[in-house]
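Any chance you could fold what I've pasted below:
(chains A and B)
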Amino acid sequence: MKKEIIISGFGGQGGLAIGKNLAEAGMAEGLNVTWAPSYGPEMRGGTANCSVVLSDKPVGSPVFAHPTELIALNEPSLEKFEAGVQSGGTVFVNCDVVTDRVQRADLTAFYIPCSKIAEEVGNPKVSNMVMLGAYVAATKVLKPETIEKMIQEMFAGAKAKFIPLNIEAFRRGMACVQ
Amino acid sequence: MQKELWKGNEAIAEAAIRAGCDCFFGYPITPQSEVPEYMSVHLPEHGGVFVQSESEVAAINMVYGAAASGMRAMTSSSSPGISLKQEGISYLVGSELPAVIVNCMRGGPGLGTIQPGQGDYYQATRGGGNGDYRTVVLSPSNVQEAVDFVQEAFDIADQYRNPVMVVCDGLIGQMMEPIEWHPVPKRDLPPKDWATTGRKGRDHHNIINSLYMDPEVCDQHNANLAKKYALMEQNELRWEEKECGDAEVVITAYGTPARIALTAIEALRAEGIKAGLFRPITLWPFPEKALHELAGKTHVKAFLDVEMSSMGQMIDDVRLAVEGQKPIRFLGHAGGVMPTVEEIIESVKKALKEVQ
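A predicted model of the protein is given here:
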């Protein structure tokens, strides 16, 4: 099993955090993982992206041109990375931000209303958790329990009040693809 | 042991603290700024001293001062900043002072780019400052190695009274990977009875200096230093061979390109093409003898050197080691463009075709 995932969006949309969550959860499940961010001028107001590898074997290259999955949180991300996705791969689109559709017929596309769901559960900041839920449910590469446990550990102590919100967002995201 | 997900640069800083780093002097520059950032918060918590200097030149000279007084001192920077430190590194060697210098390399020349690069190989392995000198240069290709090597670097520096460089490319500094905080080998180190810590009733002053006005004395000083380099060559050599046992094409690479090569090797072997990886871990001393012997094996038909450099730098050491026994091809990019798995696969196939 080897997943090579590109997560891309505007700075502030939580794309890098989705990647970090995937890497943390993969590590918790005993997988070999890497998380490599784009760093540079594109972070200032443009798109920010990261590359994540989840693998049952040691990770060679942490960067790649042909992801198995693309998570596109904004329009430029879909434009930039769709062409490179492996044939038979999957694209997850935040359809509240991106109006374009996936053009290639050899890819599976999921359109997730991340922003709308995040507002429904009470906080626009958890839209990335919605997307994480969609990814986990669609790929089945990680156990939902692992992510929920991670959310509980992430918001320890004074931040504990954010746990139900994040778990709700994660579960609503999962429900989008089930 | 519990695995933890760490960003390379932050892990390097934490590793230094765990190795007993007393003082850190640095100046921000992408892609290594998380090292001083982490140090500024956490080194004082452990009783250490963090100074953000006014320049890289100041930082390396603060390292000189702290090392002279027996402290475990460190600085880090990225390529243009490391260039500015070269005078100080030469003085550290000349004055026989231990220190750890981390170069999180970016593309050059000049300001170049903030993206990963490997264009500082010559500078690191040949001594980028004036005079004849060498420093042990450790080159991690993952975050775990970065953590282990930084900790060991302090011991290596103290053992030889010589600065040690840890050289990684920007991607190793920026990426996150699981690591374990396992114990690293500790060395029996000589006491720092040479340090300028006050006379304390001794019959002599300790003097730290790199100036020798008498040519005979300076010649002898250099001969003594050369003896230390010979010991480093004998004791500190490290490299890794993967799938070289039957390899027809051997890829030589270090740092991130070595990782990219491993993915290419896996794909090539799935197609029945026997490729392997020879990865120097110490860039100096260079594993010349091991590479020479590998080149002599009948199954090895060609080498492919892969670097984040437009013309290649390590390739010169590869040539010296291979000594014309087998052809050597090159694949490289500079300016932050990384060689791709696809390019490596194509280059290996091309190299193999040329020798058949």
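
which ones are touching A:Asn94?
A:Asn94 makes contacts with A:9, A:13, A:72-74, A:112-115, A:127, A:131, as judged by CB atoms under 8 Å, 6 or more residues apart in numbering or on different chains. All C-beta atoms are positioned from the backbone trio N, CA, C, and that covers glycine.

Ok, A:Cys176 next?
Contacts for A:Cys176 (CB under 8 Å, 6+ apart) come out as A:110, A:112-113, A:117, A:130, A:133-134, A:137.

from those residues, which are also near chain B?
Among those, proximity to chain B is found for none (CB under 8 Å from any CB of the partner chain).

Neighbour-wise, which one of these leads?
A:Val130 (32 neighbours; other CB atoms under 10 Å in any protein chain shown).

Okay, and it sits in which element?
helix A:127-139 (DSSP states H and E).

Got phi/psi on B:Val166?
The phi/psi pair for B:Val166 (degrees, to the nearest 10) reads phi -110, psi 120.

Output the set of residues of chain A in proximity to chain B.
A:20, A:23-24, A:27, A:32-37, A:39-40, A:58-65.

Now with 7 Å, please.
Proximity of chain A to chain B (CB under 7 Å from any CB of the partner chain) is limited to residues A:20, A:23-24, A:27, A:33-37, A:39-40, A:60-63, A:65.

For the stretch 101-250 of chain B, just list every one of the strands.
Using DSSP state E, counting those that start in this stretch, the strands of the stretch 101-250 of chain B run over residues B:136-138, B:163-169, B:176-179, B:239-242, B:249-252.

Check which helices and strands the second one sits against.
So that's strand B:163-169. If you count contacts as 3 or more CB pairs under 7 Å, 6 or more residues apart in numbering or on different chains; DSSP states H and E, strand B:163-169 packs onto helix B:86-94, strand B:99-105, strand B:136-138, helix B:143-160.

Surely A:Val91 is in a strand?
Yes. Assignment of A:Val91 by DSSP: H, G, I helix; E, B strand; the rest coil places it within a strand.

ok so, going back, among the contacts of A:Asn94, which lie within strands?
Judged by DSSP state E, strands contain the following of these: A:9, A:72, A:112.

confidence score at the second one?
At A:Ala72, the pLDDT value in this model is 97.

do the first one as well
Model confidence at A:Gly9, expressed as pLDDT, equals 94.

Point out where chain A drops to low pLDDT.
A:41-45 (pLDDT under 70).

Going along the chain, name the strands of it.
Under the criterion DSSP E, strands of chain A are mapped to A:2-10, A:32-37, A:47-55, A:69-72, A:90-94, A:108-112.

Remind me what the last one packs against, helices and strands.
Pointing back at strand A:108-112 there. So strand A:108-112, by 3+ CB pairs under 7 Å, 6+ apart, packs with strand A:90-94, helix A:127-139.

ok, residues contacting the last one?
Meaning helix A:127-139. Contact partners of helix A:127-139, identified using CB atoms under 7 Å, 6 or more residues apart in numbering or on different chains, comprise A:3, A:13-15, A:17-18, A:21, A:69, A:71, A:90, A:92, A:94, A:110, A:112, A:114-115, A:117-118, A:142, A:144, A:147, A:166, A:169-174, A:176-178.

Could you give the bridge partners of A:Ala48?
A:Gly9 (DSSP bridges).

Run a quick neighbour tally on it.
Residues near A:Ala48, counting by other CB under 10 Å, number 24.

Surely it and A:Leu16 touch.
Yes. In this structure, A:Ala48 is within contact of A:Leu16 by CB atoms under 7 Å, at 6.2 Å.

Smallest gap between chain A and chain B, at which residue?
Nearest to chain B in chain A, going by CB to the nearest CB, is A:Gly60, at a distance of 3.3 Å.

Spatially nearest residue to that residue, not counting backbone neighbours?
B:Thr263 (3.3 Å; CB to CB, 6 or more residues apart in numbering or on different chains).

which helices and strands sit right next to the helix or strand harbouring that neighbour?
Taking DSSP H and E as the criterion, B:Thr263 maps to helix B:256-270. Helices and strands touching helix B:256-270, by 3+ CB pairs under 7 Å, 6+ apart, are strand B:275-280, strand B:302-307, helix B:341-355.

and that helix, what's its mean pLDDT?
For helix B:256-270, mean pLDDT is 97.
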